[in-house]
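> Here you go, sequence then predicted model.
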Amino acid sequence: MQTSPNGTESAADLYTFTPTPLLVVISGPSGVGKDTLLQRLRERGHDYAFVVTMTTRPRRPNEVDGRDYFFVTHEQFDALIRADELLEHSLVYGDYKGIPKDQVRRALASGKDVLMRIDVQGAEKIRRIVPNAITIFIAPASEEELIRRLVARKTETADGLARRIATARDEMKRLWEFKYVVQNRDNQIEAAVDQVIAIITAEHCRVGSSPVIL
């Protein structure tokens, strides 16, 4: 809970208390359904600010620039790195992914909870920069289920698929670094969405929350 300038809360402070905007990190292995989960959150109409990741990888069919990702060239991404204008960035499967700083600052300033989808490597960096970020690991019900989803996407070569599966196994071992875990089981996306909303609601009820500072 926020405190008054002298470190105490008056009755008036408590009755007029406004929850501090949260920075919520949605992460997990490739193919676990992070994009689908965020899309369902959008469709339910909750007033969240959704951060869009920037990437140098090619756009897939049905992906929309500025909605799914900001698709840029390697040269454009390098320029942002040199200008220190990325909150975090990493090299994933030969392509860069990163979060523009200005986008996050503007989203937090709006007073809305900010949700960002990010890979496990990036989540580690966010935890160091923003220790009070709410980190949620989206997990499959089983490794077999995750492999079925990756195969069904048909976006990888055989070598690329094998690399993603190996990476997913390593990323699952890091589940314990997150504050929360939500299982996204086959055909049960609404249950996973309900759990994420419940986590956000609970965090707003938690005493002692502090504002996110970048």
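The structure has been received and is ready for your questions.
> how much space is there between the residue lying closest to I213 once chain neighbours are set aside and K112?
Counting by CB to CB, 6 or more residues apart in numbering, the nearest residue to I213 once its immediate chain neighbours are dropped is V130, at 7.8 Å. For every residue, glycine as well, the C-beta is placed using N, CA and C. Going from V130 to K112 by CB to CB, to the nearest Å gives 16 Å.
> thinking again about what came up before, what's the burial count for the residue nearest to I213?
When neighbours are defined as other CB atoms under 10 Å, V130 has 18 of them.
> got it, and Y48?
Using other CB under 10 Å: Y48 sits among 20 other residues.
> Model confidence for it, exactly?
Y48 carries a pLDDT value of 91.
> pretty sure it is touching R117, no?
No - look at Y48 against R117 with CB atoms under 8 Å: they stay out of range, at 11.9 Å.
> got a list of what Y96 touches?
Y96 sits next to 54-56, 74, 77, 89-90 when contact means CB atoms under 8 Å, 6 or more residues apart in numbering.
> Tell me the buried residues within those residues.
Among these, those buried by neighbour count (16 or more other CB atoms under 10 Å) are 54-56, 77, 89-90.
> quick one: least confident of those residues?
Among those, S90 has the lowest pLDDT, at 84.
> Just list whatever residues bridge to it.
Taking DSSP bridges as the rule, S90 bridges to K97.
> Check T135 too.
Applying DSSP bridges to T135 gives these bridge partners: V25.
> what residue ranges in the chain score low on pLDDT?
Across the chain, the ranges flagged by pLDDT under 70 are 1-17.
> now the helices for it?
Secondary structure of the chain (DSSP state H): helices located at 11-15, 34-43, 74-82, 101-109, 120-129, 143-153, 158-172, 189-205.
> Can you check what angle separates the fifth one from helix 158-172?
Yep, that's helix 120-129 we're talking about. Per axes from the mean of the first three to the mean of the last three CA atoms, to 10 degrees, the angle that helix 120-129 makes with helix 158-172 is 30 degrees.
> and helix 120-129, which residues are buried?
So, applying 16+ other CB under 10 Å, buried residues of helix 120-129: 120-127.
> still on that earlier bit, dump the buried ones among the contacts of Y96 to a markdown table, plus distance to T155.
Converted to a markdown table, the buried ones among the contacts of Y96 look like this (distance: CB to CB, whole Å):
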| residue | distance to T155 |
| --- | --- |
| M54 | 19 |
| T55 | 14 |
| T56 | 16 |
| F77 | 21 |
| H89 | 22 |
| S90 | 20 |
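> Just give me the neighbour total for G94.
Using other CB under 10 Å, G94 has 9 other residues around it.
> same deal with the one 10 residues further on?
Residue crowding around V104 was assessed by other CB under 10 Å; the count is 21.
> Fine by me, thanks again.
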